[in-house]
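# Sequence and predicted structure, then a few things I'm wondering about:
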Amino acid sequence: MSTGDYKVADISLADYGRKDIQLAEVEMPGLMACRTEYGTAKPLKGARISGSLHMTIQTAVLIETLQELGGDIRWCSCNIFSTQDHAAAAIARDESAAVFAWKGESLEEYWECTLNALTWQEDDGKGHGPDLIVDDGGDMTLLIHEGKKAEDLFLKDKTLPDPTSTDNAEFKIVLTIIKRLLEAGETDKWNKIATRCFGVSEETTTGVHRLYSMEKTGSLLFTAFNVNDSVTKSKFDNLYGCKHSLPDGIMRATDVMLAGKKAVICGYGDVGKGCAHAMRANGCVVYVTEIDPICALQACMEGYTVCTLEDVLETGDIFITTTGNKGILMTDHMSKMKNNAIVGNIGHFDNEIDMDGLMAATKRMNIKPQVDKFTFPSGAGVIVLAEGRLLNLGCATGHPSFVMSCSFTNQVLAQLEIYNERNSGKYESGKVYVLPKILDEKVAKLHLGSLGAKLTILSKEQSEYVGIPVDGPFKPDTYRY
């Protein structure tokens, strides 16, 4: 382990990481265009930015874009298995950010990394925390909110958080960290962070759900941007990214022949659509489970069989969860699957698959990193990828650079919007916003040139006839792509 004001697996991997970053920059035209457009003005100069997002090569290009625009960056990964160690090493060595991430963190290490990414060594008079947050899944946002809640109770009547009050393993760790800081005399850390922070830009569906829940209850402490629902994020990262990286993860993990297999995709949102398309393109017979009648009807129109999980438990070969919900594949389900059925998750968290129940009921055999067989007393067993976490990042390298350029260009624009308008009153604290359509279209436009695409331009007469400005926006906010 290599440490300084960073903690990475092996700093000697930095040269390899730098070469890979240079390759990725060519495939990330949106981020490079942001550097060209905004780099000279340094619109983020003076901004402290904390990030909790998979520490991959693509994220390295995002980090260095934010740095090029003037940001002072601290970073951790948002998944214990998703870090690419050579990417983290390059960012740490070249001082692009103070990064705390390595592949294969324990849960305790993961949350300590999150704490470190939120904590600057110097108090500049406004505390040790960030001005802006880039979040993916909401863990950084969660830690701040739980920390402030605990501080307020402690200052009121000396009540300390009780880690034994929850059965959730990760929340126990969160409460333990907050309790430790309070006992050490840090009784205003989280309140200072909450006061200082102007806002967060959130990357993924599950994190966005958390933000809207907090907005609804009036508990959200700062402005939030829902990056996930930008069209150039959800329809590109979620759909096309998963279409690319799901089979990549399965094949790197198992080398199984996909053609001819029966693949069950749990959920048919944008992620599920990409996964179902990928499995069919590889020759699988694809089944879809859904709760939403509209999504189910879409799956039917695409030629998929829509059924319940129970209908296919004994015949399916590959089971993929995509929902962002909890308790999708339970131990009882997996006990009924055929021997060597492959089970994986591509939703954000690790609770779609009942890993605790599975570990209690089976004998575990590790085959290679992030690939395990769990054998039931019957002698049959399932192969689980990445311990139920994101298999495309745990078993492969996640989404390719080009599609992440679309997502991360949205992140940069959201960060600029929050910071540039921090004192204007344009965005209310405690509210969740999406980027305006004109910026969504700008993200798409920035990527067309590298694909050799040429846009048709409306004539003045055509523009007036349909009531659409020549330069856009071209669709109303209600349009469903």
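Happy to help now that I have it. Numbers count the residues shown, from 1 in each chain.
# which residues of the stretch 251-400 of the chain fall in helices?
Across the stretch 251-400 of the chain, reading from the start of the chain, the helices by DSSP state H, counting those that start in this stretch fall at 270-281, 293-301, 309-312, 331-335, 355-361, 391-394.
# and the fifth one, C-alpha only, in CSV?
In other words, helix 355-361. Written as CSV, here are the backbone C-alpha positions of helix 355-361 (Å, rounded to 0.1, in the frame of the first residue of the first chain):
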residue,chain,number,x,y,z
MET,A,355,-25.4,-12.3,-0.2
ASP,A,356,-25.8,-12.7,3.6
GLY,A,357,-28.3,-15.4,3.3
LEU,A,358,-26.4,-17.1,0.6
MET,A,359,-23.2,-17.2,2.6
ALA,A,360,-25.0,-18.6,5.6
ALA,A,361,-26.7,-21.4,3.6
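# Can you tell me what sits against it?
Contacts with helix 355-361, where a contact means CB atoms under 8 Å, 6 or more residues apart in numbering, come from Met330, Thr331, Met334, Ser335, Phe374, Phe376, Val382, Val384, Glu387, Gly388. Backbone N, C-alpha and C define where each C-beta goes, glycine included.
# Ala87: what secondary structure?
Under DSSP: H, G, I helix; E, B strand; the rest coil, the three-state class of Ala87 is helix.
# thought it was touching Thr56?
Yes: contact between Ala87 and Thr56 holds when scored by CB atoms under 8 Å: they sit 5.6 Å apart.
# from the contacts of helix 355-361, which is closest to Gly207?
For Gly207, the closest of the contacts of helix 355-361 turns out to be Gly388, at 18.3 Å, with distances computed as CB to CB.
# and the closest one, what is it in contact with?
Shown here is Gly388, whose contacts under the criterion CB under 8 Å, 6+ apart are Val343, Gly344, Asn345, Asp350, Asn351, Glu352, Ile353, Met355.
# Closest one to Thr289 out of the residues you listed, please.
Ranked by distance to Thr289 (CB to CB), the contacts of Gly388 are led by Glu352 at 11.9 Å.
# what about the closest one, distance to Gln22?
Glu352 sits 36 Å away from Gln22, taking CB to CB, to the nearest Å as the criterion.
# Neighbour count: these two, which is higher?
Glu352 (25 against 12; other CB atoms under 10 Å).
# That one and Leu329 touch, don't they?
Yes: the pair Glu352 / Leu329 is scored as a contact, 6.7 Å apart, by CB under 8 Å.
# any residues in contact with both of the two?
Counting by CB under 8 Å, 6+ apart, the contacts common to Glu352 and Leu329 are Cys266, Thr321.
# Wait, Trp75 touches Met55, no?
Yes: under the contact definition of CB under 8 Å, Trp75 touches Met55, with a separation of 6.5 Å.
# Now list whatever residues contact both of those two.
Residues within reach of Trp75 and of Met55 at once, by CB under 8 Å, 6+ apart, are Ile91, Val99, Ala101.
# Compare those residues and tell me which is most surrounded.
Going by other CB under 10 Å, Ala101 tops these with 34 neighbours.
# mind listing what the residue most central in space within the chain touches?
Of all residues in the chain, the one closest to the mean position by CA atoms, centre = their mean is Asp136, 3.8 Å from it. Asp136 makes contacts with Ser52, Leu53, His54, Cys78, Glu202, Glu203, Thr204, Gly207, His348, as judged by CB under 8 Å, 6+ apart.
# Of Ala87 and Thr56, which one has the most company?
Ala87 (31 against 25).
# ok, back up a step: tabulate the contacts of Asp136 (JSON lines), appending distance to Glu122.
Output for the contacts of Asp136, formatted as JSON lines (distance: CB to CB, whole Å):
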{"residue": "Ser52", "distance to Glu122": "21"}
{"residue": "Leu53", "distance to Glu122": "24"}
{"residue": "His54", "distance to Glu122": "27"}
{"residue": "Cys78", "distance to Glu122": "25"}
{"residue": "Glu202", "distance to Glu122": "27"}
{"residue": "Glu203", "distance to Glu122": "28"}
{"residue": "Thr204", "distance to Glu122": "31"}
{"residue": "Gly207", "distance to Glu122": "29"}
{"residue": "His348", "distance to Glu122": "33"}
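# List just the nearest of the residues you listed to His244.
Nearest to His244 among the contacts of Asp136 is His54, at 15.2 Å by CB to CB.
# List phi and psi for that closest one.
Dihedral angles of His54 (phi, psi; degrees, to the nearest 10) stand at phi -30, psi 120.
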